[in-house]
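Undergrad: Got a predicted structure plus its sequence, pasted below:
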Amino acid sequence: MDLITLIKKEVREQEGYRADIVPSRAKMDANESPFSLPSALKKELFDKMQNISLNRYPEPGAPLIRKRFAGYYGVADDMIMIGNGSDELIQILCTALVNSSSVVMVPVPTFVMYKIIASSSGHRVAEVPLSTSFDLDLPAMLSRIAEDAPVLTFLSYPNSPTSNCFSEKSIATIIEASRGIVVVDEAYGSFAGKTLLPLLKKYENLVILKTLSKVGLAAIRMGFLIGPPTLVRELDKVRLPYNINTLSQVAAGFYLDHIDTFLGQTGDIIASREELLRALEKIRGVHPYHSDANFIFFSCDFDTDHIYSLLAQEGILIKNLNSPGVLKNCMRVTVGNREENQEFLKTIKKILLK
Ligand SMILES: Cc1ncc(COP(=O)(O)O)c(C=O)c1O
């Protein structure tokens with residue numbers, strides 16, 4: 001019996017998401033925060049965790065956290081739903097929406113999980129290349145909307161890996177033209193200092209995603225979907241009952257209790273990002289782009305497969321995006337702490353001077 005034939009064609013044909021586990025001294029490849037909690041806060045959090053009844057299931061739907069984050073984002077409690085990272089919310093969206101040959105539209109390049117999840121859930125994926133300045137190609141997207149009527153469109157704001165925020169006007173035009181749901185994924189929104197949350201009042205087909213993964217708590221897997229209550233109610237039926245474990249619920253509450261500390265770290269990352277960008281601009285053959293996120297996207301005049309390996313050999317892990325087309329010899333480096341940024345700069349300069 002060939003078990004593999006039981007696997008959906010869409011699953012068999014894809015590579016899947018690969019998160020390499022490579023030992024490193026500077027981990028600058030996954031857009032996490034470089035800062036761990038100050039030790040006094042860590043102790044406070046672990047003390048709180050001692051009161052958890054590990055023999056009991058978590059509270060389904062994490063109602064307390066849902067309420068607190070609704071307040072934080074300035075929306076009604078029934079507009080928010082919590083996922084095991086925003087990845088799970090992307091999966092819930094793709095699972096719940098009609099899929100008999102329906103289309104999910106994504107600009108490319110963008111966060112690869114949209115395509116992986118959409119195609120494994122049976123959707124056809126329409127990929128629309130970004131313009132040469134990495135903004136949305138509005139005429140191309142509008143014509144796909146007219147032809148394919150996508151049930152879902154994913155827009156990362158800021159976009160990964162290109163690090164920019166798409167034009168707000170183009171996003172609004174896409175929402176207005178769509179009969180499906182437009183998801184604005186603000187995973188990196190804190191580093192851009194802007195949000196499209198106010199547009200929720202205007203558009204009933206808009207959904208916004210947020211996550212704590214980029215602002216210091218990647219380990220707890222905490223993502224938020226914010227949208228109209230009628231839609232959230234339906235999507236919530238697909239959520240597994242105990243998707244958010246109790247330890248993560250406690251840690252998410254702790255995030256809001258100590259929001260100033262976390263926002264301070266975000267401020268530090270933004271300041272370091274600008275320093276790192278200026279330093280990269282000075283390296284011959286390296287062309288960094290403006291960043292609204294916690295990482296810098298850059299192209300190189302050299303083979304980045306080679307640069308990636310040499311950096312990894314020196315314990316510096318960044319993301320090699322090299323592939324035919326617009327990402328040819330492109331890389332993405334997460335803003336690290338000041339020491340990591342210096343080590344990365346020193347090492348890449350040494351490699352390029354060889
Ligand atoms: C644009 C974007 N959205 C969502 C995610 C996933 O976030 P989470 O860790 O909350 O699943 C990522 C992670 O890299 C991302 O880059």
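TA: Yep, it's here.
Undergrad: residues touching Leu276, list them.
TA: 296, 333, 335, 341, 344-345 (CB atoms under 8 Å, 6 or more residues apart in numbering). C-betas here are computed from N, CA, C, even on glycine.
Undergrad: Helices of the stretch 1-150 of the chain, start to end?
TA: Under the criterion DSSP state H, counting those that start in this stretch, the stretch 1-150 of the chain contains helices at 9-12, 39-49, 63-73, 85-96, 113-120, 138-148.
Undergrad: Relative to Thr195, which of those is closest?
TA: helix 63-73 (8.6 Å; CB to CB).
Undergrad: What average pLDDT does stretch 184-199 get?
TA: Stretch 184-199 carries an average pLDDT of 98.
Undergrad: typed the wrong thing, it's stretch 334-344
TA: 97.
Undergrad: What of stretch 283-300?
TA: On average, stretch 283-300 scores 97.
Undergrad: Run through who's touching it.
TA: Under CB under 8 Å, 6+ apart, the answer for stretch 283-300 is 31, 33, 134, 158, 160-165, 188, 191-192, 194, 214, 269, 273, 276-277, 280-281, 301-302, 307, 321, 328-335, 345, 348-349, 352.
Undergrad: Give me the ChimeraX select line for these, limited to the buried ones.
TA: To isolate the buried members of these in ChimeraX, using 16 or more other CB atoms under 10 Å:
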select :31,33,134,158,160,161,162,163,164,165,188,191,192,214,269,273,276,277,280,307,321,329,330,331,332,333,334,335,345,348,352
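Undergrad: Now narrow the contacts of stretch 283-300 to whatever sits close to the ligand.
TA: Restricting the contacts of stretch 283-300 to those within reach of the ligand (CB under 6 Å from any ligand atom) leaves 31, 160.
Undergrad: From the contacts of stretch 283-300, which land in helices?
TA: Using DSSP state H, the members of the contacts of stretch 283-300 that fall within helices are 191-192, 269, 273, 276-277, 280-281, 307, 345, 348-349, 352.
Undergrad: right, and the pair among those with maximum separation?
TA: Ala192 and Leu352 (29.6 Å).
Undergrad: which residues touch Pro229?
TA: 76, 78-79.
Undergrad: Need the residues you listed in CSV (columns: neighbour count, distance to the ligand and pLDDT).
TA: Listed next are those as CSV, based on neighbours: other CB atoms under 10 Å; distance: CB to the nearest ligand atom, whole Å; pLDDT from 0 to 100:
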residue, neighbour count, distance to the ligand, pLDDT
Ala76, 12, 22, 98
Asp78, 14, 22, 98
Met79, 20, 18, 98
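Undergrad: Pretty sure Phe191 sits against Thr266.
TA: Yes: between Phe191 and Thr266 there is a contact under CB atoms under 8 Å: 6.6 Å.
Undergrad: Report how many residues lie close to Glu59.
TA: Counted by other CB atoms under 10 Å, the residues lying close to Glu59 total 15.
Undergrad: which ones are touching it?
TA: 246, 249.
Undergrad: ok, now how distant is it from Thr246?
TA: From Glu59 over to Thr246 the distance is 7 Å, taken as CB to CB, to the nearest Å.
Undergrad: same deal with Arg284?
TA: For Arg284, the distance to Thr246 - CB to CB - is 52 Å.
Undergrad: of those two, who's got more company?
TA: Thr246 (17 against 8).
Undergrad: Apart from its neighbours in sequence, what residue is nearest that one?
TA: Pro58 (4.2 Å; CB to CB, 6 or more residues apart in numbering).
Undergrad: Doesn't His287 belong to a helix?
TA: No: in this structure, His287 is strand, not part of a helix, as judged by DSSP: H, G, I helix; E, B strand; the rest coil.
Undergrad: Can you check the pLDDT for the residue nearest to Thr246?
TA: 98.
Undergrad: wait, doesn't it sit right on Tyr242?
TA: Yes: if you go by CB under 8 Å, Pro58 and Tyr242 touch, sitting 5.2 Å apart.
Undergrad: So for the two, which residue has more residues nearby?
TA: Higher neighbour count among Pro58 and Tyr242: Pro58, with 18 against 14, using other CB under 10 Å.
Undergrad: buried ones in stretch 39-53?
TA: So, applying 16+ other CB under 10 Å, buried residues of stretch 39-53: Leu45.
Undergrad: Run through the stretch 51-200 of the chain and note the low-pLDDT ranges.
TA: Filtered on pLDDT under 70, the stretch 51-200 of the chain yields no residues whatsoever.
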